[in-house]
Every structure is written in structure tokens, then in C-alpha cells.
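Asks: could you look at this predicted model? Sequence included:
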Amino acid sequence: KVLWQTRVADRRPSHLLATDDFVVTRITDDNGTTAQIAVFDSFSGQIIGRNNFGSESGLPIIPVNLALSPDGILVYLVPNAIVFADLFETNGLKQAKSQPPRAADNVAGAFMNSTSPDTLQIIGERVLATGISPSGAMVWMYDLHTGAPIRFNSNDYLVNVRDPSFLGEGRFMIRSAGSI
């Protein structure tokens, strides 16, 4: 039995995420220059929020990857930042908090190619985001609820792999009991 159905746009979503409370879609245009994130109530199908993305200064600033925590925190990557939105908050999607990747050699577009599911992971109360910097592929860690970067030893990043080809399909983190 179908509980509800909707059509957000004239094309299929590139991302479809769901929890007990929310369904989130990401839809892009054919050129990849504009995108829309739409959030629905899982039970009724009613649209809760929608956010449109486009270009700034001629560069597309659109979400390239999404993850949704069981407690309603939507995390998404735009080319130059990681963004946190609490979907339980009124206008949570519109009041999202962004955080640029933290590193001494931080560059614009660090997350431009972070499109596969393994480059943005929510693990417990932590978010792992993989991106590129001039010194190689980097993994940054953030607190899920505050969006604050978590320092590892004296570094702004968790892992720095000197080979930028590290960023791609099949790369993942292994977690031992109680640590990442």
C-alpha cells in the first residue's frame, strides 16, 4: 500500500535519504549548475522545506553529497564547505550552519569531487568528510550536533593521504570499538 507520493521536479532525484521522520531529496539540472534539496515529513508526505542552490561569482555552489542522521540532522557538502541543518528546528533547512574545511592549506573547492557515499559518513555523533587539498586527500571530522571541527592530535584533519587519487570509490574508514 502506497502511503503517499509526490513529484518534486520533472527529473529524478540524484539523492534520496529517509529516516523515520524525514525524506530528503536532491535534484539537479542537466548541467549541474543548479540544485534543490527538498525535505518531506515521512508520515504524511507534506513538504517541510525546500532550498534552491545556484551559482555565486560564476561558480556553482550546489550540494555535491548528502547524509542524514537518524535524529534529523542533514549534513551536506558544497564545494567549499560542509553544512549542518537540524530538520526538527523551525526553518532548519534555511538556518543551516556551514563550516569550511579546516587546514593550513585550505582551498576553495575542497569537496568538489566528494560525490560518492563513502566521502561523507555519519558515524554516531561524528561526521567524516573526505576532500582534496594541495597536500593530498584529507579526512576532516566534525561534531554532528554543533558542526564544530574536531581536532585530532594537533591537526585540523583526521587523515592526510598524500596521494589525491585516494578520493574515490571503495575508500572507507574502519572503526574499532569506541574510536574512529
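Replies: Sure, I can see it.

Asks: spatially nearest residue to residue 8, not counting backbone neighbours?
Replies: The shortest distance from residue 8 to any residue other than its chain neighbours is 5.1 Å, reached at residue 38 (CB to CB, 6 or more residues apart in numbering). In short, each C-beta sits where N, CA and C put it, glycine included.

Asks: show me what contacts that neighbour?
Replies: Under the criterion of CB atoms under 8 Å, 6 or more residues apart in numbering, the contact partners of residue 38 comprise 8, 24, 25, 27, 47, 49, 50.

Asks: which of those residues sits closest to residue 129?
Replies: Using CB to CB, residue 24 is the member of these that sits closest to residue 129, with 17.3 Å.

Asks: okay if I get the contacts of residue 38 as JSON lines plus distance to residue 2?
Replies: What follows is those, written out as JSON lines (distance: CB to CB, whole Å):
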{"residue": "8", "distance to residue 2": "16"}
{"residue": "24", "distance to residue 2": "19"}
{"residue": "25", "distance to residue 2": "17"}
{"residue": "27", "distance to residue 2": "21"}
{"residue": "47", "distance to residue 2": "17"}
{"residue": "49", "distance to residue 2": "23"}
{"residue": "50", "distance to residue 2": "22"}
